[in-house]
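K.L.:
give me coordinates for this.
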Amino acid sequence: MLWFARHYVEMVAVMLVGMVALGRLESLLASAIGRPHALVGTTVSALLMAANMTVVVAAWMRLRGYRLRLIGEMVAGMNVGFLAMVPLWIGTTSHHTAMMAGHELMFLGMLVAMLARRQHYSDHRQ
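P.N.:
Model prediction:
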């Protein structure tokens, strides 16, 4: 159980690094091309946030030697619930609520993906 929890916490940390680092990079690029407001809007910013976290998690898992199938399952787990909610919040919820819901759905989806492969994520040898 310790290795399972350790992996989950590690993935959450990596997600947050991706969100912050790539989010900042997006802002800089948008400003550099003279479109600083291109990323404004609940749906656009929420989808970019999800993409930032997903890309970094997938890269980290690959770097750590995980098989592509496990990476794909993790990516799907992180994004299926999140993407399913996008049509529901377009124009109906605040930016803050959409972002919080997106984060919660990603954390939950990641946990579900890990629980589906509990034996794998509970073994420190991978």
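
K.L.:
so where is this structure shaky, pLDDT-wise?
P.N.:
Applying pLDDT under 70 to the predicted model, the residue ranges of the chain that meet it are 38-42, 89, 124-126.

K.L.:
what segments of the chain are helices?
P.N.:
With helices called from DSSP state H, the chain shows them at 2-32, 42-63, 68-89, 95-116, 118-121.

K.L.:
centre of the chain to the longest one, how far?
P.N.:
Right, the one you point to is helix 2-32. Chain-centre distance of helix 2-32: 8 Å, with C-alpha atoms, centre = their mean, to the nearest Å.

K.L.:
buried stuff in it?
P.N.:
Of the residues in helix 2-32, those buried under the neighbour-count criterion (16 or more other C-beta atoms under 10 Å) are 4, 7-8, 11-12, 14-15, 18-19, 22-23, 26. All C-beta spots, glycine's among them, are computed from the backbone N, C-alpha and C.

K.L.:
same check on the shortest one?
P.N.:
Of the residues in helix 118-121, those scored as buried under the neighbour-count criterion (16+ other C-beta under 10 Å) are 120-121.

K.L.:
starting at the chain centroid, how far to that helix?
P.N.:
Distance of helix 118-121 from its chain centroid, counting by C-alpha atoms, centre = their mean, is 20 Å.

K.L.:
which residues are contacting that helix?
P.N.:
The list of residues contacting helix 118-121 from outside it, by C-beta atoms under 8 Å, 6 or more residues apart in numbering, reads 3-4, 7-8, 70, 114, 126.

K.L.:
and the second one, by the same measure?
P.N.:
Residues from elsewhere that reach helix 42-63 (C-beta under 8 Å, 6+ apart): 11, 14-19, 21-23, 26, 38-39, 68, 70-71, 74-75, 78-79, 82-83, 86, 89-90, 93-95, 98-99, 102, 106, 110.
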